[in-house]
Every structure is written in C-alpha cells, then in structure tokens.
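In: here is my input; please provide its structure:
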Amino acid sequence: MTNTNYTEISNSDDCEKYVNQFIQDFPIRSAEIGRGTVIKRALPSRQKRMIGAWCFLDHAGPVTFPQGDGLDVGPHPHIGLQTFTWMIEGTMMHTDSIGSKQLIRPKQVNLMTAGYGISHTEVAPDTETRMHAAQLWIALPDDKINMAPQFDHYPVLPVVEKDNIEFTVLVGEFMDTVSPVQVHTELLGIDFFAKEQTKTRIPLNPKFEYGFMALEGDAIVNGHDLNSDNMVVLEPGISQIEVELPKGSRLLLIGGEPFESPILLWWNLVGRTQEELKTATEQWINQDARFGTIPDYDGPRLEAPAFPDKMRPSK
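Out: Numbers count the residues shown, from 1 in each chain. The predicted structure follows:
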C-alpha cells in the first residue's frame, strides 16, 4: 500500500480507518525467572518475530523481594547481537568476559555488544529489594555480526516533554533529540511517562515498523487498548499516531526498518545459519576461549539446552 501520510487524509474517520489497516495487537507471554521474578515476553512471538533489528523484548517486574533474594543469572554466552538493558527501578551488576563490571541504576542503559562472542552475568546486589526493567536484544547487521565484543554504559539519557509526557530517548532520534546510545542499524527506542492524564500525537517514520509495550498502567494507541498482557504493533506506512495515557502510565516504543536478513535466534545466540549456532553452542559447552571467563562469579555457568534439529528464521 502507498505510504500516504496520516495528515494528508482530511476526514478523521477515514484517517483512523486508514491507519488501523497497519495496526495489530497480540497477547504476550508470561514466565517466572529467578526467585519469583515475573517477566512478560513480547518478542519473539508467533505473531511477530522482530521489529526492525529488535529481536527480543522482556519486561521484568516490578517486583519486590527480600535482601539477598534478587536475580542472579550466572555466566552465559551471546553472539551476533547487542543486549540493551533499561533500568526503571532497582540496581543490577553487570560483569562480562572482557573485563567490564558496571552497576546499572534507574534511568540508565547498559549496552553489551556480543559480536563474535562474549559471556556475562547479571546479579542484583545483596542490599537490593526492587527490580523493574526492560531487556532487549538488537540483531547485528551482516557486516557487524562478527565484530569485536564491547560494553558501554549510558548514565544519562536525553528527556523531552510534550503534552504532560516525559519522553526519554533511549535509541535513535525523536523530536529533534538524539540518544547517545550507539547501535548499528537505524532504530528508535522511547520511554513514555505520563505526568498527568493526557493525549498526544507523535510523529513516526513511515519506513519503520513499531511496537508499543505497557511498562506501567495502560494506554490507548489509535483506538487499540494496550495493557500488560498485549503488544500493539504498527506496520510500515504510518507517519503519525495518537496515544492516550492515564496519569502514571509508562510505555515503551521500539521501531526500525524491517531487518535486512532473516536471522536465527536460539537460546542466547543470534546468527544466520544453524551451523554457526551449533558451533558456538559446542564451543560454550567445551569452555572454548571464544567466550572467555568471569573469575569474579561464584557459581556455575549456565548449561546450554539440547540443540534443535531445525530452526525457524526470524524476519
């Protein structure tokens, strides 16, 4: 369909009907990880495998726990992706095999680029009692998939305000404001927080596909209900969207151009062929130098699950 601009349609009913052709919503899965921490997994799903280069999206918490009972994820490997952690409440210590050790605090981002291979741990400090975070993975493009691993911490993200909403620009450019977070494809990531009950209209790139996820409260996206149990997805072709938020609601918006190549995602690994994922898995099992070590961690490494016979590409 032609990428007609939302604003070029003068009749409001026709405008809504046009835009809604590009919108769908679908349920998201819930699971329990660690010690009673519930996560909502929006990507990948049967209905939508990727949004731009975003290939994984978990929403963890909010959860309260006794001191010493926080999340403790032992050493595990990654290839072919960037892990992106947006911390809303609580703190978490990241330690990896290239020597990085970084405590992430609320309103900060940790970005780990796995490239050819890295391993890391994520552990809540013994004094921590709260956690609320979104963790996403970004598939690296073909020319970066085997780049050297690196880690970057972003303690301050830019915030812009409009219509009683605080927009934190996590990735990309929004309202003439650019995030410092360095990614390798054109992407968008925005945290919305409603200071009051409000309605707003935001500009979109019609070349992008988008996904809305509720992190706190609920919202209405162009007439589509958004809550903790679903995700609202916009296909390319929309240049504006209307969002209604009650006071205190928080949303995550992610977007990007449809990814250049089909990917394979299995366990913590992203690749292009089943053979490269199998090789990486065997190297992890055999404690190959590709994934290094984390001497500071007192506990076992995560074990790889049984490797599948056949995988379904994500696109």
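In: contacts and neighbour counts: CA atoms only from here.
Out: OK.
In: and the nearest residue to D126 once chain neighbours are set aside, what pLDDT?
Out: Excluding the flanking residues, the one nearest D126 by CA to CA, 6 or more residues apart in numbering is G68, at 4.3 Å. Here, the pLDDT recorded for G68 equals 92.
In: what of G61?
Out: Looking at G61, its pLDDT reads 89.
In: thinking again about what came up before, tell me the contacts of the residue nearest to D126?
Out: G68 sits next to A124, P125, D126, T127, E128, T129 when contact means CA atoms under 8 Å, 6 or more residues apart in numbering.
In: what residues of the longest helix anywhere in the chain count as buried?
Out: Assignment by DSSP state H gives helix 274-285 as the longest helix of the chain. Buried residues in helix 274-285, defined by neighbour count with 16 or more other CA atoms under 10 Å: Q274, L277, A280, T281, W284.
In: what's the distance between that helix and the middle of its chain?
Out: On the basis of CA atoms, centre = their mean, to the nearest Å, helix 274-285 sits 24 Å off its chain's mean C-alpha point.
In: what are the ranges of the strands in the stretch 201-315 of the chain?
Out: 209-216, 219-221, 224-226, 230-234, 240-245, 250-256, 264-266, 269-271 (DSSP state E, counting those that start in this stretch).
In: the ones you listed: which one's closest to Q108?
Out: Ranking the strands of the stretch 201-315 of the chain by proximity to Q108 (CA to CA) places strand 250-256 first, at 14.5 Å.
In: packing partners of the closest one?
Out: When contacts are defined as 3 or more CA pairs under 8 Å, 6 or more residues apart in numbering; DSSP states H and E, strand 250-256 sits against strand 54-64, strand 187-194, strand 209-216.
In: try 6 Å this time
Out: In terms of contacts (3 or more CA pairs under 6 Å, 6 or more residues apart in numbering; DSSP states H and E), strand 250-256 is packed against strand 187-194, strand 209-216.
In: okay if I get the strands of the stretch 201-315 of the chain as CSV plus mean neighbour count and mean pLDDT?
Out: Shown next, in CSV, are the strands of the stretch 201-315 of the chain (neighbours: other CA atoms under 10 Å; pLDDT from 0 to 100):
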stretch, mean neighbour count, mean pLDDT
strand 209-216, 24, 98
strand 219-221, 20, 97
strand 224-226, 18, 97
strand 230-234, 22, 97
strand 240-245, 18, 96
strand 250-256, 23, 98
strand 264-266, 21, 96
strand 269-271, 23, 98
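In: would you map the helices across the stretch 51-200 of the chain?
Out: Using DSSP state H, counting those that start in this stretch, no helices are assigned anywhere in the stretch 51-200 of the chain.
In: rewinding a little: now the residue nearest to D126: how far from H94?
Out: Per CA to CA, to the nearest Å, G68 is found 16 Å from H94.
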